[in-house]
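Participant: I would like the atomic coordinates for the input below:
(2 chains)
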Amino acid sequence: MQDNYLAKWLNDELTEAELVEFKKSEAFETYQKIKESTSQLESPEFDMDKAWETIDQYKTKDETKVLILSPFKTFLRIAAVIAVLLAGSFFYLRTLNESYTTAYAENKAITLPDSSEVILNAESELAFSEKKWNENRNVNLKGEAYFKVAKGKKFTVATSQGLVTVLGTQFNIETREDYFEVTCFEGLVSVIINDKETKLPAGNSLVTINGNSTMSKAIVNSAPSWLSKESSFESVPLHYVMDELQRQYDIEVTTKEIDTDELFTGTFSNDNLELALKSISVPLQIKFNLEGNKVLFYAEKAPK
Amino acid sequence: MAKSNPLKAEEHVNVCEEQVYKRVFNETSKTIFNYIYYKFGNEEKANDAVQEAFVKLWENCAKVPPAKAKSYLYTVANNLYLNVLKAEKVRLKYADSTLKTTNESPEFIMEENQFKEKLDNALNSLPENQRTTFLLSRIDGKKYAEIAEIENVSVKAIEKRMHLALKSLREQIDGI
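Facilitator: Okay, here's the model as predicted:
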């Protein structure tokens, strides 16, 4: 028998002759049992994921530690320079422009330097330069806002769709994509769209949809309806109404088999969604389905 | 020996690289755990040894070539408890013993259980290096060459340990 024949036997490395001889030995039976038994043995369970988690934590901790110990690396210098520049330009820009924004379902009241008042409707943005305010009263507007302008110099509201100029009055401007509406509540407002000026007397509103302007005798109220938590429309394509609904309630509106160019005249509440949905669906004879923050409008006959 | 090391072909890579490090962990951690457990019979200490070894490897990842990573890990784990820890009883489970014996006679089951108890005792009375080598081979299916790398001795020495381990197991069980 060769050296360490038991080790060779476990490894099936014995020669035929050796194996025959080994099997004849009286110890073989026990050896065979040991071989079989030990092949069924199992080691205790090892939680590899848990072990990795601990090591991984240590590694990340170790990495941050290294950074702290070497604080003047190049990239930190660069970071410091960038931080200074950012802070500097932030304060510089602040003196240039004051800016206010509102999110979905949010209104904001702003008082301008000359104590003119602006109320921003949902998802809108207003910016103006406080420094140059005494030279010219210019504001930039995206979205919808109601203005109550103090008497004084020319007051100009610049929007992506046109300029609105007044001397001192109350008016509402709404610009949404290709929809532009100016309503004058008091005094006289001048609206300039594509170099064409329209004078808008009190109690009138000018609506421009896709570049087509129509002036109409509007609201008799003294302020836009959204200030009293309602959204009003007069002969407005339905999809603008849906958009406004999304803005006022921060919900997602979808439609199915509905002509969204159909004109809608009516009002919906800005603080009661159920009521608002009915105000839209009942007059149009359509149905709606509200699930979480998603609303689906669908034709009465259409399958859900 | 080099052939058995799958990292050998990528000597240009660095253990500091997350991917390489993670692969070494996946391939080695369980064996390190078992290795320390077979030696000392203490699960907690075996877990600690895995932690310790991999933390040390991370700290020295730039200095340890990938091909040497595994033996480095075993050395760290082994040195951790060298001359410190007293070996406890190693407890091992049998994979499918109940299934196999359900149709057998009560006498057979009793004999079988007696044998297992004897084997258990015999394994625990083996010298620590014989037990570790024997169980790495029998349970983890490690080749003698791999165990030689782990223990940092020759293949011949491992064969000797296997032979002696099996011999003394049999002697104890047969009461010689």
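
Participant: Just the buried residues of stretch B:43-60, please?
Facilitator: B:43, B:45-47, B:49-58 (16 or more other C-beta atoms under 10 Å in any protein chain shown). No exception for glycine: its C-beta is placed from N, CA and C like everyone else's.

Participant: just stretch A:110-129 next, same as before
Facilitator: Buried residues in stretch A:110-129 (16+ other C-beta under 10 Å): A:110, A:112, A:116, A:118-124, A:126-129.

Participant: which residues in chain A form helices?
Facilitator: A:5-10, A:16-24, A:28-39, A:48-69, A:74-96, A:238-249, A:273-284 (DSSP state H).

Participant: Quick one: list the elements packing against the second one.
Facilitator: On a contact count with 3 or more C-beta pairs under 8 Å, 6 or more residues apart in numbering or on different chains; DSSP states H and E, helix A:16-24 meets helix A:5-10.

Participant: contacts for the helix it packs on?
Facilitator: For helix A:5-10, the surrounding residues in contact (C-beta atoms under 8 Å, 6 or more residues apart in numbering or on different chains) are A:2, A:14, A:18-19, A:22, A:31, A:35, B:137-138, B:144, B:158-160, B:162-163, B:166-167.

Participant: okay, that helix in CSV with CA atoms only?
Facilitator: Output of helix A:5-10 as CSV, limited to C-alpha atoms (Å, rounded to 0.1, in the frame of the first residue of the first chain):
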residue,chain,number,x,y,z
TYR,A,5,-3.6,5.4,1.0
LEU,A,6,-6.6,6.4,3.0
ALA,A,7,-6.4,9.9,1.5
LYS,A,8,-5.9,8.5,-2.0
TRP,A,9,-8.9,6.2,-1.4
LEU,A,10,-11.2,9.1,-0.6
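
Participant: Now it: average pLDDT?
Facilitator: Helix A:5-10 comes out with an average pLDDT of 92.

Participant: Show me the domain layout of the chain.
Facilitator: All of this refers to chain A. A:5-39, A:98-226, A:229-299 (automatic domain parsing).

Participant: That was the other one, I meant chain B.
Facilitator: With automatic domain parsing as the reference, chain B has domains B:2-80, B:97-174.

Participant: Distance to A:Ser225 and mean pLDDT added to these, as JSON lines?
Facilitator: Listed next are these as JSON lines, based on distance: least, C-beta to C-beta, whole Å; pLDDT from 0 to 100:
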{"stretch": "domain B:2-80", "distance to A:Ser225": "60", "mean pLDDT": "84"}
{"stretch": "domain B:97-174", "distance to A:Ser225": "79", "mean pLDDT": "88"}
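
Participant: Let's have the ones you listed in JSON lines, adding distance to chain A.
Facilitator: Listed next are the domains of chain B as JSON lines, based on distance: least, C-beta to the nearest C-beta, whole Å:
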{"stretch": "domain B:2-80", "distance to chain A": "4"}
{"stretch": "domain B:97-174", "distance to chain A": "4"}
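
Participant: can you pull out the helices in chain B?
Facilitator: Under DSSP H, chain B gives helices at B:18-40, B:43-59, B:69-80, B:97-101, B:106-125, B:128-138, B:144-151, B:155-174.

Participant: Highest mean neighbour count out of those?
Facilitator: helix B:128-138 (a mean of 22; mean count of other C-beta atoms under 10 Å in any protein chain shown).

Participant: Which elements pack onto that helix?
Facilitator: Using 3+ C-beta pairs under 8 Å, 6+ apart: helix B:128-138 touches helix A:28-39, helix B:18-40, helix B:106-125, helix B:144-151, helix B:155-174.

Participant: To A:Val253, which of the ones you listed lies closest?
Facilitator: Closest of those to A:Val253 is helix B:18-40, at 45.5 Å (criterion: C-beta to C-beta).

Participant: CA atoms only for the closest one - export them in CSV, please.
Facilitator: Provided in CSV are the C-alpha atoms of helix B:18-40 (Å, rounded to 0.1, in the frame of the first residue of the first chain):
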residue,chain,number,x,y,z
GLU,B,18,-15.5,47.2,-6.3
GLN,B,19,-16.2,44.4,-8.8
VAL,B,20,-13.1,42.5,-8.1
TYR,B,21,-13.4,42.9,-4.4
LYS,B,22,-17.1,41.7,-4.4
ARG,B,23,-16.1,38.7,-6.5
VAL,B,24,-13.4,37.7,-4.1
PHE,B,25,-16.0,38.0,-1.3
ASN,B,26,-18.5,35.9,-3.1
GLU,B,27,-16.0,33.2,-3.9
THR,B,28,-14.2,33.1,-0.5
SER,B,29,-16.4,34.3,2.4
LYS,B,30,-18.3,31.0,3.0
THR,B,31,-15.1,28.9,3.0
ILE,B,32,-13.4,31.3,5.4
PHE,B,33,-16.4,31.0,7.7
ASN,B,34,-16.3,27.2,7.5
TYR,B,35,-12.5,27.1,7.9
ILE,B,36,-12.6,29.0,11.1
TYR,B,37,-15.6,27.2,12.3
TYR,B,38,-14.0,23.7,11.8
LYS,B,39,-11.0,24.9,13.7
PHE,B,40,-12.7,26.4,16.7
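
Participant: Can you say which of the helices of chain A is nearest to A:Phe171?
Facilitator: Per C-beta to C-beta, nearest to A:Phe171 of the helices of chain A: helix A:238-249, 18.6 Å.

Participant: now the angle from that closest one to helix A:273-284?
Facilitator: Using axes from the mean of the first three to the mean of the last three C-alpha atoms, to 10 degrees, one finds that helix A:238-249 and helix A:273-284 are set 170 degrees apart in direction.

Participant: Contacts for helix A:238-249, please.
Facilitator: By C-beta under 8 Å, 6+ apart, the surrounding residues in contact with helix A:238-249 are A:104-105, A:121-123, A:176-177, A:179, A:209, A:231, A:233, A:251-253, A:255, A:258-264, A:268, A:270, A:273, A:276, A:280, A:284, A:293, A:295, A:297.
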